[in-house]
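Asker: I would like the atomic coordinates for the input below:
(one chain, ligands or ions: 1)
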Amino acid sequence: MSKETFYVTTPIYYVNDVPHIGHVYTTVAADVIARYMRVSGREVMFLTGTDEHGQKVEQAARERGKTPQEHCDEMVVRFKDLWRRFNISNDDFIRTTEDRHVKVVQHFLQKLFDSGDIYKSSYSGWYCVPDERFWTEKDLVDGNCPDCGRGVVQIEESNYFFRMSKYQDWLIGHIEGNPDFIRPESRRNEMLGFLRKPLEDLCISRPKNRLHWGVEIPFDSDYVTYVWFDALINYVTSPGYTTDDDRFSSFWTNCTHLIGKDILTTHTIYWPTMLRGEGLAPPARVFAHGWWTVEGRKMSKSVGNVVEPNMLLDKYGADAIRYFLLREVPFGLVGDFSHAALVGRINSDLANDLGNLLQRSLGMLEKYRDAVIPPVPSDAQMGDLSRELVEASRRAVAELEEHMSALAFDRALKSVWEFIGRANKYIDSAAPWTLSKEGKDTKLDSVMYTLFEAIRQVAVMINPFMPETGQKMFRQLGIAQKKDLHTITSLKSWGGFQGGTRTFRGPALFPRIEEVPEVETGKEQDKKSEARSQKPGDKGMENVVTIEDFARVELVTGKVLEAEAVPKSKKLIRMIVDTGEKRQIVAGIAEYYQPADLVGKAIAVVGNLAPAKLMGVESNGMLLAAHDDDGLALVTFDKEVGVGVRIK
Ligand code: MSP
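Answerer: Residues are numbered from 1 along each chain as shown. The predicted structure follows:
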C-alpha cells in the first residue's frame, strides 16, 4: 500500500443494549475522522461491531426462548440499521460470534499459553454477576461492586490467568515515552496513577458449568474465554491478524481506538499487555471521551431519560445531530444533551450562518450571472477584501488540519464557522448589489468567483461532519461529480472551482425550527411535580423560569481583545471579544472602566442576543455586570477559563 494508512475503531457495543446517544457519539466521531482522513488522502479502515458473548446475552436469549446465536442475530440489526441512518461509513462490522474472530481469539490464547504467559490457578474472589467481573476484597465499595454498586457473590474456582503483572514496568515506560498513547492528558495521568499500585494477573477464563456462551479455550474444553479478553481481540481480527499479514501490519501501526472513559482500564492496561505478550505493538492512540448527560442528569432507564436516537433522527435528521454532538462539547469532556441546545445550534449555526450563506449567494449568482461561476480572477483583479478572504481560508484549513489531528472536533468546527462568518461579512462588505447597479462588471465577476470558491471550501470542510449536507452543497454548486474538488488537498491552493460551472439553487439546507419540541424526561416530570406541590405565592415562586427557558440564553465565556470609547458617547465602549469567534460588543460601561483596563479581561457574555445598534454601532451580544450604588462590577471568573465555554 503506497498511501499512508489510518485505522480507527469504536468499542464493539453489547448486542443486548438498546442503542442510545452515547453509542451514537463514539460512532459518529469515528465516522467523521474516517471520512476526514479519506478526503485527506489516507488509506482508511474504520471498524465498528458488536460484543456478543457472555452471561447477559446467554440469559436474555433464554428468557426469550431463543438460542444465544438467534438472539444476537436479531439484536445486531438495531445497530446496523441505526448506523445506516446516521450515514456511518464503516469498512467492516465485526461480530465476536463470527468464525473469523473465534479463530483469532483461540490463536491468541494458544500462543500466550505456549509461551507461558497463561497459567492455571485456583482463585477465590468476589464476583459481580451482571458485570461478569471479579473484584478483590479491597476493591469493593460498602461490600458491593465498585462499578455498578450491585451485590457481589464469593466464588472459588480454578481458572486460567494471564500474566499481566509481568508487563507492568514495560507498560509504565510505554505510557511515559508515548504522550499520544492515552488521550486526553487527564486520562493518561489517571492510568499512570492506577499503575502506581502493583498490577495483578488477569483471570481470562470462565468454567463452562457457569457460562457456556463464549469462545472455548483451545487448550481446555471445560472453559470459555472471559468476555473482555475475547472482545478486545476484535481490533486485530478485522485488519487481518493471522490471515493477511500485509494488510494487518499496514493498518495496525496507525490505529486509534475511540472509547468512553468507563472502559479506559481494559483498553490501556489489559489490551496493551495482552498485545505485548502476543508479540504485537500497542495501538498508536486510545482516546477516551466523556459521557453525555441528559438535561443535567445521568442517562438511565430508571430515570426514563435515555435519548433514543431513532426518535431524534425522525425529528432533526442525521446531520444536525452529528453536528451538535461534535460541536457542543470538546471531545473528552462531559456533554449535556438538551433539545433546546440542539435546536439553538440548528437555528443559529446551520440555518442562519451556513444555510443563509449558500442560499443568498446562489440567489445573487442567478440574478447577476445567470447561475454561472465567472472565470478565476487574476491577482490584479482581486481587491483587498477578497485577499483577506483567501487568507482567512488558508487559516481555516490549517486550523482544521491541526484540530482534526488532535481529535478536537469542536475546535475544528469553530474554525470552519469563523470562516463562514467571514464569508457572510465579505458579502456585506463587497456589496455585489452595488457593483451590479454601478455596472462594475469585472469587479462583480471577481467578487462572485471569490465568494463561490469560499463556499466550495466550506462544503469540503463540513462534508466529513455532515455528509448529506456536504453532498447537497456540492450538488447545488454544480460539482457533485468533480470528486477532486471535494478533497482537503484541493483546499491547499485557492482557485479550484472552474469558471463556467453552472449552479442549481435547491431548498434551504436547514429550515429554522421555531418551537422546541416537548420531550418529557424524568427531570421534567420531577420538576413539574415539584412545581405542583408549591402554591403560587410561595416564596421564590414569582417569575419562575424553566430550565428550558434558561437554556435558551447562551451564556459563554469571552476575552476582551480590543476596546475603545465610542466617539461622541459618554457611556459606550466598543469591544472586540473572543467568544470562540470574534464579535463586536458595545456596552454602557465607560463611566466605570477605561478601555485599556478591559483588554485581556475574561468576561461573561450573552452570546445569542439579537444584534442591536447603539449610537449607530452594531453590538452582537451583551456582557454581564452587577450594578449597585457604588458602581459597576463585571462578572468574571475565579480561575482561568478558555473562551467560548458555555456557562450553565
Ligand atoms: N462491549 C464493551 C466494549 C468492548 S470494546 C472491545 C462495552 N460496550 S457498551 O455498549 O456498554 O458501551 C460502549 C460505549 O458506549 C462505551 O465506550 C461507553 O463509554 C459508551 N457510553 C455508554 N453510555 C454513554 C453515555 N451516556 N455517553 C457517552 N458514551 C457512553 O462497553
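Asker: got a pLDDT number for residue 499?
Answerer: According to the prediction, residue 499 has pLDDT 96.
Asker: pLDDT weak spots in the stretch 501-648 of the chain?
Answerer: Applying pLDDT under 70 to the stretch 501-648 of the chain flags residues 515-549, 551-552, 629-630.
Asker: if we go to 90?
Answerer: Under the criterion pLDDT under 90, the flagged ranges of the stretch 501-648 of the chain are 514-556, 566-571, 575, 578-584, 588, 590-594, 596-597, 607-621, 626-633, 636-648.
Asker: which residues in it form helices?
Answerer: Secondary structure of the stretch 501-648 of the chain by DSSP state H, counting those that start in this stretch: the helices cover 522-533, 547-551, 595-598.
Asker: which bits of the stretch 51-200 of the chain sit near the ligand?
Answerer: Residues of the stretch 51-200 of the chain found near the ligand (Cβ under 6 Å from any ligand atom) are residue 51. No exception for glycine: its C-beta is placed from N, CA and C like everyone else's.
Asker: neighbours of the residue in the stretch 51-200 of the chain that the ligand sits nearest to, just the number please.
Answerer: Closest approach between the stretch 51-200 of the chain and the ligand, counting by Cβ to the nearest ligand atom: residue 51, at 3.5 Å. Using other Cβ atoms under 10 Å, residue 51 has 24 neighbouring residues.
Asker: that one contacts residue 227, doesn't it?
Answerer: Yes - counting by Cβ atoms under 8 Å, residue 51 does reach residue 227; the two are 7.0 Å apart.
Asker: mind checking which helix or strand the closest residue to residue 322 other than its chain neighbours is in?
Answerer: Counting by Cβ to Cβ, 6 or more residues apart in numbering, residue 28 is the residue found nearest to residue 322 once chain neighbours are left out, at 5.0 Å. Following DSSP states H and E, one finds residue 28 within helix 21-39.
Asker: show me what counts as buried in that helix.
Answerer: For helix 21-39, burial by neighbour count (16 or more other Cβ atoms under 10 Å) applies to 21-39.
Asker: got it, and stretch 38-45?
Answerer: 38-40, 42-45.
Asker: so what pairs up with residue 293 in the strands?
Answerer: residue 298, residue 336 (DSSP bridges).
Asker: what's the burial count for it?
Answerer: Neighbour number of residue 293 under other Cβ under 10 Å is 16.
Asker: before we move on, what about residue 602?
Answerer: Residue 602 has 18 neighbouring residues, counting by other Cβ under 10 Å.
Asker: my guess is it meets residue 561, correct?
Answerer: No - look at residue 602 against residue 561 with Cβ under 8 Å: they stay out of range, at 11.7 Å.
Asker: and stretch 256-266, what's its mean pLDDT?
Answerer: 97.
Asker: now that stretch: buried residues?
Answerer: 256-260, 263-264, 266.
Asker: show me the residues you listed that map onto helices.
Answerer: Using DSSP state H, the subset of the buried residues of stretch 256-266 located in helices is residue 264.
Asker: closest one of the buried residues of stretch 256-266 to residue 626?
Answerer: Set against residue 626, the nearest of these by Cβ to Cβ is residue 260 (40.0 Å).
Asker: any idea how far stretch 212-220 is from the chain center?
Answerer: On the basis of Cα atoms, centre = their mean, to the nearest Å, stretch 212-220 sits 37 Å off its chain's mean C-alpha point.
Asker: I misspoke; the intended subject was stretch 189-203.
Answerer: That offset, for stretch 189-203, works out to 28 Å (Cα atoms, centre = their mean).
Asker: quick check: end-to-end length of that stretch?
Answerer: The straight-line separation of the ends of stretch 189-203 (Cα to Cα, to the nearest Å) is 26 Å.
Asker: which residue ranges make up each domain of this protein?
Answerer: Domains of the chain are assigned by automatic domain parsing as 339-491, 522-634.
Asker: now this protein against the ligand: closest residue?
Answerer: Going by Cβ to the nearest ligand atom, the ligand is nearest to residue 260 of the chain, at 1.6 Å.
Asker: so who does that residue touch?
Answerer: By Cβ atoms under 8 Å, 6 or more residues apart in numbering, the contact list for residue 260 reads 11, 22, 26, 288-291.
Asker: for ChimeraX, what selects the buried ones among those?
Answerer: The following ChimeraX line selects those of those that are buried, judged by 16+ other Cβ under 10 Å:
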select :11,22,26,288,289,290
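Asker: ranking helices and strands of this structure by mean pLDDT, which lands last?
Answerer: helix 522-533 (a mean of 37; mean pLDDT, DSSP states H and E).
Asker: quick one: name the residues of the chain near the ligand.
Answerer: So the chain meets the ligand at 11-14, 17, 22-23, 25-26, 51, 231-232, 259-260, 262-263, 291-292, 299 (Cβ under 6 Å from any ligand atom).
Asker: all strands for the stretch 401-550 of the chain, in order.
Answerer: Using DSSP state E, counting those that start in this stretch, no strands are found in the stretch 401-550 of the chain.
Asker: residues touching residue 128, list them.
Answerer: Going by Cβ under 8 Å, 6+ apart, residue 128 touches 134-135, 145, 147-148, 150, 152.
Asker: so which of these belong to strands?
Answerer: If you go by DSSP state E, the contacts of residue 128 have 134-135 in strands.
Asker: which of the contacts of residue 128 tops the neighbour count?
Answerer: residue 152 (22 neighbours).
Asker: secondary structure element for the nearest residue to that one once chain neighbours are set aside?
Answerer: Excluding the flanking residues, the one nearest residue 152 by Cβ to Cβ, 6+ apart is residue 126, at 4.2 Å. Using DSSP H and E, residue 126 maps to strand 118-128.
Asker: rounded mean pLDDT for that strand, please.
Answerer: 90.
Asker: now do stretch 212-227
Answerer: For stretch 212-227, mean pLDDT is 97.
Asker: quick check: buried residues in it?
Answerer: With burial defined by 16+ other Cβ under 10 Å, the residues of stretch 212-227 counted as buried are 213-218, 220, 223-227.
Asker: could those go into JSON lines alongside secondary structure?
Answerer: Output for these, formatted as JSON lines (DSSP: H, G, I helix; E, B strand; the rest coil):
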{"residue": "213", "secondary structure": "coil"}
{"residue": "214", "secondary structure": "coil"}
{"residue": "215", "secondary structure": "coil"}
{"residue": "216", "secondary structure": "strand"}
{"residue": "217", "secondary structure": "coil"}
{"residue": "218", "secondary structure": "coil"}
{"residue": "220", "secondary structure": "coil"}
{"residue": "223", "secondary structure": "strand"}
{"residue": "224", "secondary structure": "strand"}
{"residue": "225", "secondary structure": "strand"}
{"residue": "226", "secondary structure": "coil"}
{"residue": "227", "secondary structure": "helix"}
